[in-house]
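1. Structural data only, the sequence is not supplied:
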């Protein structure tokens, strides 16, 4: 199995993990559980670490631009776009917010690493 294939599967697993953990933490937030703050902090840390791993190892040169565009789109929509769902049901808002925030927590470090690599390559080319 090639590194690119491993990267695709790992990325898919990490996004599914973010969705599952977003559902768990969103439910904890909705239920006002005391462990929510610690749980979301640890899950976010794990997603950040996974994002660093992806940014350093799994994105090929031809995937950088599409990945950065997708990361920008995710960062834009993470700014509370889904919070109005909470007016329908508080749990919907908590789920949507936590899922998107965890996906962003996963993608953001990879985007930063890839952006730095891109700027570095541009600076070296001149």
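-> All right, it came through fine. Everything numeric in this text was worked out from a predicted model, so none of it was measured. Numbering: from 1, shown residues only.
2. could you give the mean pLDDT of the host helix or strand of residue 124?
-> Of the helices and strands defined by DSSP states H and E, residue 124 is found in helix 90-125. Mean pLDDT, computed over helix 90-125, is 90.
3. Just give me the neighbour total for residue 13.
-> Using other C-beta atoms under 10 Å, the number of residues around residue 13 comes to 11. All C-beta spots, glycine's among them, are computed from the backbone N, C-alpha and C.
4. Start at 32, not 1
-> All right, first residue 32 from here; so that's residue 44.
5. Next SSE downstream of whichever helix or strand it is part of?
-> Taking DSSP H and E as the definition, residue 44 sits inside helix 34-61. Tracing the chain C-terminally past helix 34-61 and defining elements by DSSP H and E, one meets helix 67-88 next.
6. moving C-terminal of that following helix, what's the next helix or strand?
-> Scanning forward in sequence from helix 67-88, with DSSP H and E defining helices and strands, the next element found is helix 95-108.
7. what does that following helix contact?
-> By C-beta atoms under 8 Å, 6 or more residues apart in numbering, the surrounding residues in contact with helix 95-108 are 90, 131, 134, 135, 138, 139, 141, 142, 145, 146, 148, 149.
8. before we move on, the earlier item: what's the angle between the helix holding residue 44 and helix 67-88?
-> The directions of helix 34-61 and helix 67-88 differ by 170 degrees, with axes from the mean of the first three to the mean of the last three C-alpha atoms, to 10 degrees as the criterion.
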